[in-house]
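A.B. asks: I'd like to go over a predicted model; first the sequence, then the structure.
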Amino acid sequence: MTEPPAVASPDAAVSSEFTELASDEQIATAAAALERNGIRPLLAATGADARGLVGSLLVDGAEVYNNTSQTLEAIGVADDIERSGRYQPLRLRLYRMDREMQRREMRTLAASPDYVVGSVHALTEGGSLLIASASGSQLGPLASGAAQVILVIGAQKIVGDVATGMRRIYEYCYPLEDARARRAYGVPSGVNNILIINKAVTPGRVTAIIVNERLGGQCRQQGGSWGQRGQQGGRVVAAAVHDAVDEQGRRAQHLARSQAAVGVALDPLQHGRAGPVAVEGSYVQPVLGGVPSQVAVFERLLPVE
């Protein structure tokens with residue numbers, strides 16, 4: 001099979017168009033449109049404010065699934081969900097499950113949580129939300145599976161209309177993610193599924209937090225992969241850390257050759273290089289059955305420049 005050609009990176013004009021913060025007028029217009037469409041808009045001046053809003057919306061003890069998102073990691077929401085002890089973090093539970101023996105249970109857990117928290121690729125001034133994916137696994141809960149949906153959206157993602165939102169996905173997000181995927185995994189990315197939420201059938205089910213600052217450029221995506229599994233005498237000897245290939249946490253070697261391997265990252269601009277990563281003891285699982293003797297590490301975001 002001939003490898004698909006690499007996608008060219010966005011030129012400076014495209015990058016500028018899709019990375020500049022929206023004006024206050026555009027933010028107000030998008031927020032008003034969201035409300036008309038049955039989606040609750042909340043405005044936050046900073047990422048810290050958005051983090052507080054997310055915490056105020058989540059109920060203690062609830063099952064919460066945090067989608068793969070640089071935005072959530074950058075503002076601390078991913079850590080709040082996974083490590084605060086306030087919630088039942090489904091992503092961590094999925095880390096610990098056997099993908100072969102508990103595949104059905106894993107699908108059920110990920111498909112219908114109490115809350116799903118994530119981001120989008122574009123928000124239009126008409127109040128439409130656009131999310132792209134290679135496998136599509138996270139789109140079902142956003143569309144209908146989760147009881148409540150919370151989306152944190154940097155103001156640089158606001159665009160004029162759906163057509164421009166599609167351009168942002170194909171001309172900006174996808175080329176950057178495709179280049180990163182080829183470097184990291186030797187496989188291309190793919191825009192195989194696109195969810196467009198024009199209106200919420202159940203008013204108030206979806207909350208969109210618009211943040212008046214550019215989010216997602218500080219870190220490479222959160223603990224969104226299952227990590228390398230194995231055992232090494234209960235201590236970390238070495239750890240190679242890479243991100244998930246798709247939303248189920250599968251890696252390149254887990255995918256059939258015919259499958260598109262990589263989801264389109266929500267905030268791909270800074271995926272170019274990764275710096276050092278600290279391995280924390282709380283993310284080391286010393287004993288796992290049915291796998292080779294390797295270091296087990298629950299992967300976190302790689303800080304990038």
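C.D. replies: Yep, it's here.
A.B. asks: where exactly do the strands run in the chain?
C.D. replies: For the chain, applying DSSP state E gives strands covering 40-44, 63-66, 88-89, 115-118, 122-124, 129-133, 148-154, 158-159, 193-197, 206-211.
A.B. asks: now for the ones you listed, which one comes closest to D178?
C.D. replies: For D178, the closest of the strands of the chain is strand 129-133, at 11.9 Å, according to Cβ to Cβ. Glycine gets a C-beta too; all of them are placed from N, C-alpha and C.
A.B. asks: who does that closest one pair up with?
C.D. replies: Note on strand 129-133: by DSSP bridges, its sheet partners are strand 122-124 (antiparallel), strand 193-197 (antiparallel).
A.B. asks: which of those strands sits most buried?
C.D. replies: Most buried of the strands paired with strand 129-133, by mean neighbour count (mean count of other Cβ atoms under 10 Å): strand 122-124, with a mean of 27.
A.B. asks: which stretch among the strands paired with strand 129-133 comes nearest V149?
C.D. replies: Evaluated over these, closeness to V149 peaks at strand 193-197, with 8.8 Å, by Cβ to Cβ.
A.B. asks: report the angle between the closest one and strand 206-211.
C.D. replies: Compare the direction of strand 193-197 with that of strand 206-211 by axes from the mean of the first three to the mean of the last three Cα atoms, to 10 degrees and you get 90 degrees.
A.B. asks: what angle separates strand 193-197 from strand 148-154?
C.D. replies: Taking the same axes, to 10 degrees, one finds that strand 193-197 is oriented at 100 degrees with respect to strand 148-154.
A.B. asks: dump the C-alpha coordinates for strand 193-197 into CSV.
C.D. replies: Taking C-alpha atoms only, strand 193-197 is exported to CSV below (Å, rounded to 0.1, in the frame of the first residue of the first chain):
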residue,chain,number,x,y,z
ASN,A,193,-15.8,12.1,11.4
ILE,A,194,-17.1,15.6,12.0
LEU,A,195,-19.8,16.4,14.6
ILE,A,196,-21.7,19.7,14.1
ILE,A,197,-24.0,20.7,17.0
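A.B. asks: could you give me the average pLDDT of that strand?
C.D. replies: Predicted confidence along strand 193-197 averages 97 (mean pLDDT).
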